[in-house]
Structures are given as structure tokens and as C-alpha cells.
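A.B. asks: Sequence and computational prediction follow.
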Amino acid sequence: MIRFSNLRRSPFLREPLVHFLLFGALLFGAITLASQARQPVVTIDAQDIEQLAKYWELQNQRAPTRVELAALINERVDEELLAREAIRLGLDKEDMIVRRRLAQKMAFTSEDVAAIPEPDERTLQAYFEQHREGYAIASRVAVQHVFFSRDRLGEPPQAASTLALRRLKAGQTVLGDPSLLPLAYADITTADLARDYGEEFAEAVDKAPLGQWVGPVISAFGVHLIRVERRMPSEIRPFADVRSQVKAAWLAERREDENRKFRLALRKRYKVEIAGLPQ
Amino acid sequence: MKPKPNEQDVQLTDVPERVFWGDTHLHTANSADAFGYGNRLMPEDALRFARGEKVKSTTGIEAQLARPLDFLVISDHSAGLGGLNELYDAPRFLIRDPTMRRWHDLMHEGPQGSLKAMGELIRARLANKLPAQMSDPDPEKSAERLRSVWDDHISTVERYNEPGKFTAFLGFEYTLMNGGNNLHRNVIFRDGSDRVKTVVPLEEANYTSPEALWDYMDAYEKATGGRVLAIPHNGNLSNGLMWEMIAPGGGPMSAAYARRRATREPVVEITQIKGDSEAHPFLSPNDEFAGYGTEGWDLNNVLNSQPTKPGDYAGSYVREALKRGLAIEQRVGANPYKFGVIGSTDSHTSLATADENNFFGKSPVVEPSAHRATDAFVPGLDKVRMNWQSLASGYAAVWARGNTRAAIFDAIMKKEVYATTGPRMTVRVFGGWDFTESDLKGDWVHAGYKRGVPMGGTLLDAMPNARPRFIISALKDSRGANLDRVQVVKGWVDKAGRTQEKVFDVVWSDMAKRQPVSGKVPAVGDTVDLARASYRNTIGAPTLTTVWTDPDFDRSLRAFYYVRVLEIPTPTWVAYDAVKYRLTLPPSVRLKGQERAYTSPIWYSPS
């Protein structure tokens, strides 16, 4: 190993090649310094470090050692550098996940910014009047039925029901198959019947004349004969009963309006060009 | 103004005639974790959705149930009820704690940021390292907050409770957690605002036992004359602590504890989005249908802070718990685990969805999207469970005399309830000593009540040579898949004091063609078309009814019987996603399954 003191005295230093190399080294240093002046800075400040340490502590239930903390900081620096470089190279531009995330962030932000004022009573009343049908109590029926199961033994359900219908019309009583669902309803909506028996059954009940046995009506379970005893018509619920629903609907509509306006404003601010569509 | 009908004005039938469908376990933005997952839908949205109205989900998707529910319990976590909401709403400059400020900022970033804040919060809580202000908040202020959130909640629920049409219960979730092992309980009040507003939800402390909750329930009933019950959360994530053979924290279980538990907790949640707890293949190796929805959920406890050992399973699954209950009863004279079963969603989206073709997921971060099938259960946090392992499950079915708080609550107390993994099958069972096939020709429902007991009941007084007989009937979901088979699961304690179980196929479709082979009924077949996410009802049966007699009955041995109804195979929600979003999924992803109903047991007690 050559010690510095020896170097100074060495004839080495007087060689032109050495001068050249030394000069080169100095120049390189100067360029490095100059470029450092333009170099972007990544700062990990005390608060960041504290946060890193805290976060680590949350997961590991003890403070990180100095070595561990150094590793955390190193990782954080790498992450920051990679992210910055990715942005510099435009890698965020064509990324679906990044785009989705940004759009979501923007949507949330705009929703938070656009505060919707409390509606007054007149506004709500007017909204209610415009949407009365939405606040109707559905019509209900009283109905009974005789059931013939699809998996019954003996006579098949269609044939059995035809015979039974004739008897019922003649005023006789008939016995159908047992059913897990009730054979008579005092007060039920056709929506509920559709839920339990299927649409076809509910439609048949809707159309059936009052007080007469009709059928056969097919459901998921088998064949039915039905008789509607009474119909209770639909009615509109009074405003006072549904005020909170009206308000919720009004607010939702306004919020959607605001969102639409915001998106429209964006459409105006930008020119959108779509391939294949006339500009 | 036309007043809403009172509970007393609703005409009740003399016996339960209809099944009422509901969800007893649903979170809204008022739950700290749901809010953390980005949920911004409040109880009002949850109630409107359950009633069948269209609402917009947190992620902006229009959501509506194909069929409304009949009742709903919003069970927001009592701990920090509305607390995150408050942190979210607080002016930023007033938040001094740097961690809380960071969470505030993250939550304002949207669901993903919220999720991150949430993860940090859960870990902080687990490590007992919550910021001082949150872990030990100004008691006066936090009581004030709880009061005001609770009061708001009560008035919303009261507005939506419509006796006779839609029942909205008051309730909350008591988030008892023993080192990350899930011992949560959903608390449901039978009463309205007048009584319930005299209390606030109980927040858990570092307990290992639910007894503090039962004390709270006792005190409420004593002070108000009201009624309240608790439903333990799905047990699969409790690492064996939900149904122990010993008392919580160790020591032998006392008869007093056993009795108190059975009274306070009449039913348990057997199935929900975070898996199914009916039976585990490790415990029931002879049951080829055990293990529905256990995959992924049997590895760790709820917070993934402790792995699950095979020895833990027995205390985490319902069938084993029912057997343990018999064994404990034999020893101490009371059965702590004499419970019925319900299903519920435990959804944190405010949307009670359990239909495979209309599933909104566990939380807003896994609401419908092209990537949710392959996301982790909690994207970015859960490294063990995949979201495709989430079940679109379940609902609570209640045989009640009408749709009112009192009628449904009382039916739950009587355990005349069952669970499904989502489809709305109708299932009825009566146990007695003298039922015959000819009962099926008449009004067997009234006969069932008169000469026997419904699901949830107990058979007593066996005459010598008598055998228990069961009238069992199942109807498919009118819009759903046909039924494969109906089974009876029997559990008992044998003469040597060991617990035993056996599964009987009692009635199935195409019985003439599907003759049992060495005691097992052959599989029903499979009509699922994965390319279209569809199935055909060309196999299976729309209804299955039978009268079944236990062939191995011994009147000196205590036993239980519950019914399991299996549908034919159908596509899972992931299969629907795969078609909708044109996904190619790894082969390990489950794309079809046989959905099912589980009834509450009927017990037999020797005199």
C-alpha cells in the first residue's frame, strides 16, 4: 500500500499521464457537483421516520432496533425512488389501477365538496306530489287455493286438478295435497305471492274473478286451483308517514344531480375524442 | 295523519303459518370497521335496501334485492360506535395525535385509504396501542357520542319498523374478542324506543367470558320489564373458544353457567359470509357433505393472529357443540349448548345480500368488480384468506305467527327458526311419538303442534318400545334450484358416555332410481353450465316430504336431531362474476356448490 507521504515525494506525480488523470478526476467531480445542484431531492424527515417506526411497532409490538429502523428507512427510500422514477417515465399513465384509484379519489372529493342544503317542507311536499306512485301501499288480496303436488303419488297433478275444479264449481268440497305454505291468506300482496309461488301464480291471482274457483295455475311446486275472496285496492300513503323516505330520495337525486353536473363540467373542460365516432 | 299500525293491531295466526326471512347481523357506516372499509351507507340505507328499495352502494353500484326481507337487525359494533365517523368528520386541525390525524387523512382518501387506516387501527387495538385519546377517551365525551349515535339509530329504526309488514329490530354487536379469537354476540331487543333508549350499547372490555353481557341483559330486563337475547357469531373463527367443554378461562363448567347461557343465547349463527360452521370434515369424516364453506376459514382466528389447530375445531363447529352440550348436560345436569340455528350475512356494506347472482360481498372493498374474485378477503391486509372463499350466505328463517317484533323475537326464543346459505327454501319439521304417513293427508301442521313439538322443541317421556317419529317437509325456493335430498343429523351420548353422530338420508329426489349404495344415496348429478353460470332443474325435486322414524333409538340415551336440506349443485357468486367479467380463474377456485338449509334441532331427553 502506498502511503500519502510517499506519494508526494514520488517521481510519479511529475508524469504527464498522471496530470491528465488527475485533471480528469477533478472534472468528473465538478460535473457531479453541478448535476447534484439539479438533482431532485427525496427527503425522509423526522416525522416520516417516526411514522415508520410507529407503524412497525404496531405490527411487532415493540420498538424497532437501530438496525431494523435503518432497514425500514432504506425500504422507504427505495419505494419512494421507484415511485418517482415510475412517474418520471409515465408508468402511471396507462395503468388501469392507478387510473381507477385517482377517479375514485376525485369522485369522493367532489361529493364531499358539493354540500347539499337541507330541503324545506315545500320542496319535499312538491317532490312527494311528483312521485306519489312511489309511495303507494300495494293492493292486497284474500285468497285460498287447493294444491296438487308435482311429486304426488297416484293421479298426476294436472288430471287431479281438472277433476277437482269440476267438483268445486259444483259446490262440492275437495281435498288437495298437503302444503308447507298456507292454503288460505287473509291479507297478502301479489308481490309476496310471487315471492313464495312464482310470477305465474301471482298473475293468475291478479286476473282471477272474485269468488270463483279458477285453474289450473302452475307454480314451481305443482298445480293450484285458486279463489280470490276479496281485493283491497292500492292506496297512496300520506306525506307525513313517508316524509323521511321522501327526503332520502330527494337528497339522493340531488347528489346524483351534482355528480352529473360535475361530470358534465368536466366534459366541457376537456375535449373527448373516441376512435370511430364523429368528432 | 294515519298512524302506523301498532304491534297489538297486527292479526297473529294461531300457529305459525309463514316463514319470515331476515338478517340478524348487518353493519353500516356506524360500525368502526365497516366505516374503515369505506362504507358510507347509514342505517337508513340498510333498512331501505332490506325492504326491497333500490339504493346506491358505497362504490356507486345500484343495488336491489330480488325479493325483500321481512325483518332486519342492524348490529353495529358497540365499541367505538360512530367513533370513526366522528374522527372522519372532525376538523383536521383539531386532531392533535399524529396517528389519528393520519387515519383521518387516509379515510378521506376513499375505500382503499379507509381500509389501510382500518388495518392499522385493528392492529393497534390488538396490541393495546391505540392512541390514548381513542383507547382511553374522555369518558364524558365518548359517552355523549355513544348516546347521540344510539339515539339517532333508535329513531331511524323506529321509523322503519312497520308492524305486519317489515320488522326493524333494535340491537348491536358486542365485540367480545379473546386475543383475536372471535366471540362476538349480536344483541337483539324485543322492545321499542321507550324501553331501549334507557340504555346504551354495552362496550366490551378485556373479558374472556360473555357473562358481563348477560349481566347487562339481566339489568336491562329488570329495569325496563323488556326482553333481550344474544346470538353468538359464527363459531369458526374462535379457535375452539366458542363452545368449550370447560368454563371460559378454565375450570369446570357449572350448572348455573350452563343454564344461564342456554337462556340468554337461544340460537347461534351457523352460516355467514365468513364461512359456514355446521360441520368440519376433520370432526365428521363420514359425512361427505360436511365442510361446506370451511375452506380458508379453518386456518386462523378472525384476526389471523393465531393459527387454528385441529384440536380447536371441536369448539368451533355447531354439530360438535350440540354433542358437547349433551355430554355436559349428562355431567352437570344442564345443557349450555341447547341452541337453535340461524344464518345471517355479517355484511359490512349495509347491504344484506346472500344471493349468488346478486352478491355485494363482505365489505365495500370487495363490492362487485372484475378483480374481487382474485383479491384477498381484505385486500392488502389478509394474507391467508382469499375473497373467493367468502360465501354468499346466509339468511335467518323464522316460523312466527306474524311479522312483528314480539312474534319474531318469541319465535327465536323458542328456536322455531332455521338457517339457509341464501336460498329461501321452506323447511318444516315436527317430532313426536305417533306420527304416521296418513298424517300427511290431513292438516299435519296443527297435528304437529298438538301431538308433537316443532323444531327447537324437546321430546320427553318415551314409552318403552316407542321411537321418535318426524314429519319433515321441504319446499325448494320458488325461484331457485330443485332439492337433492333431505337428511337427518342425529347426535347422542352413548352408554360409555362418548358423543356420537350419524347422518341419515331420509327422502331424496328420484328415489326409485337412486337406490342407496352401501348406505349412501348416489349423488344427484350436476347440470351447472359454467360458461353461462346457469343450471337446469331437470334433476332434483321441487318438494320432499316424509315421515321418518329413528331406527336406532335407545330411550335411555339423550339425543338431538336436526334436518339438513341440500339443493342440487348451482354456480357460486364467483362463477357469476367469472361470466360477467370474463375471468380466467385458477383451478383451486370453487365455482359450484350445493346450497343448504339447517334446522334447529329437536332434542330427546330421557326422564
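C.D. replies: In hand now; what should we look at? Just so it is clear, the structure is predicted and the values come from calculations on it, not from any experiment. Numbers count the residues shown, from 1 in each chain, chains lettered A, B, ... in the order given.
A.B. asks: in the longest helix anywhere in chain B, what's buried?
C.D. replies: The longest helix of chain B (DSSP state H) is helix B:139-160. Buried residues in helix B:139-160, defined by neighbour count with 16 or more other C-beta atoms under 10 Å in any protein chain shown: B:142, B:145-146, B:149-150, B:153-154, B:156-160. For the C-beta atoms, the positions are set from N, CA and C on the backbone; glycine is no exception.
A.B. asks: again with stretch B:389-407
C.D. replies: B:389-407.
A.B. asks: Roughly how far does whatever residue of the stretch 251-400 of chain B ends up closest to chain A sit from B:Leu351?
C.D. replies: Using C-beta to the nearest C-beta, the closest approach of the stretch 251-400 of chain B to chain A is made by B:His371 at 8.5 Å. From B:His371 over to B:Leu351 the distance is 19 Å, taken as C-beta to C-beta, to the nearest Å.
A.B. asks: the more surrounded of these two?
C.D. replies: B:Leu351 (29 against 15; other C-beta atoms under 10 Å in any protein chain shown).
A.B. asks: Now do the nearest residue to the more buried one once chain neighbours are set aside, the pLDDT please.
C.D. replies: What sits nearest to B:Leu351 in space, not counting adjacent residues and going by C-beta to C-beta, 6 or more residues apart in numbering or on different chains, is B:Phe360, at 4.5 Å. With respect to pLDDT, B:Phe360 has a value of 97.
A.B. asks: and what of A:Thr109?
C.D. replies: So A:Thr109 comes in at 70 (pLDDT).
A.B. asks: which other helices and strands contact whichever helix or strand comes after the longest helix of chain B?
C.D. replies: Remark: after helix B:139-160, the chain's next helix or strand is strand B:167-169, criterion DSSP states H and E. When contacts are defined as 3 or more C-beta pairs under 8 Å, 6 or more residues apart in numbering or on different chains; DSSP states H and E, strand B:167-169 packs onto strand B:18-26, strand B:71-74, helix B:139-160, helix B:405-413.
A.B. asks: Next, see if the strand or helix carrying A:His145 gets close to chain B.
C.D. replies: Per DSSP H and E: A:His145 is located in strand A:140-149. Yes - counting by C-beta under 8 Å from any C-beta of the partner chain, chain B is contacted by strand A:140-149 at A:Ser149.
A.B. asks: what does that strand contact?
C.D. replies: A:157-158, A:160-161, A:164, A:168, A:174, A:176-179, A:183-190, A:193, A:205, A:208, A:217, A:221-232, B:543 (C-beta atoms under 8 Å, 6 or more residues apart in numbering or on different chains).
A.B. asks: cool, and stretch B:576-592?
C.D. replies: B:295, B:356-357, B:359, B:368-370, B:372-374, B:386, B:388-389, B:526, B:528, B:530-533, B:569-572, B:574-575.
A.B. asks: swap the cut-off to 6 Å and go again
C.D. replies: With contact meaning C-beta atoms under 6 Å, 6 or more residues apart in numbering or on different chains, stretch B:576-592 is reached by B:357, B:370, B:373, B:388, B:528, B:530, B:533, B:569, B:571-572, B:574-575.
A.B. asks: Next, report how far the next helix or strand after the strand holding A:His145 is displaced from the centre of its chain.
C.D. replies: From strand A:140-149 onward toward the C-terminus, using DSSP H and E, the following helix or strand is helix A:157-169. Put simply, helix A:157-169 sits 51 Å off its chain's centre (C-alpha atoms, centre = their mean, to the nearest Å).
A.B. asks: In contact with B:Asn161, which residues?
C.D. replies: B:Ala168.
A.B. asks: Repeat that for the one 10 residues further on.
C.D. replies: Contacts of B:Gly171 were listed using C-beta under 6 Å, 6+ apart, and they are B:73, B:75, B:187-188.
A.B. asks: from these, which is closest to chain A?
C.D. replies: Closest approach to chain A among the contacts of B:Gly171 (C-beta to the nearest C-beta): B:Val73, at 19.8 Å.
A.B. asks: my guess is the closest one meets B:Ala168, correct?
C.D. replies: No - applying C-beta atoms under 6 Å as the test, B:Val73 and B:Ala168 come out as separate, 8.2 Å apart.
A.B. asks: Mind checking which of those two has more residues around it?
C.D. replies: The residue with more neighbours, out of B:Val73 and B:Ala168, is B:Val73; 27 against 23, by other C-beta under 10 Å.
A.B. asks: residues contacting the more buried one?
C.D. replies: B:Val73 neighbours (C-beta under 6 Å, 6+ apart): B:24, B:169, B:171, B:188.
A.B. asks: rerun that using 8 Å as the cut-off
C.D. replies: B:22-26, B:169, B:171, B:186, B:188.
A.B. asks: Which secondary structure elements does the strand or helix carrying B:Asn186 sit against?
C.D. replies: Per DSSP H and E: B:Asn186 is located in strand B:185-189. With contacts defined as 3+ C-beta pairs under 8 Å, 6+ apart, the packing partners of strand B:185-189 are strand B:18-26, strand B:171-174, helix B:211-224, strand B:228-232.
A.B. asks: would JSON lines of the ones you listed with mean pLDDT be doable?
C.D. replies: Compiled in JSON lines, the helices and strands packed on strand B:185-189 are given as follows (pLDDT from 0 to 100):
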{"stretch": "strand B:18-26", "mean pLDDT": "97"}
{"stretch": "strand B:171-174", "mean pLDDT": "95"}
{"stretch": "helix B:211-224", "mean pLDDT": "93"}
{"stretch": "strand B:228-232", "mean pLDDT": "98"}
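A.B. asks: on that earlier part again, please verify my assumption that the residue nearest to B:Leu351 contacts B:Gln64.
C.D. replies: No - B:Phe360 lies out of contact with B:Gln64 (C-beta atoms under 8 Å); the separation is 10.6 Å.
A.B. asks: For the nearest residue to B:Leu229 once chain neighbours are set aside, grab the count of nearby residues.
C.D. replies: The shortest distance from B:Leu229 to any non-neighbouring residue, by C-beta to C-beta, 6+ apart, is to B:Ile188 (5.5 Å). When neighbours are counted by other C-beta under 10 Å, B:Ile188 registers 22.
A.B. asks: Give me the buried stretch members for stretch B:249-260, please.
C.D. replies: For stretch B:249-260, burial by neighbour count (16+ other C-beta under 10 Å) applies to B:253, B:257-260.
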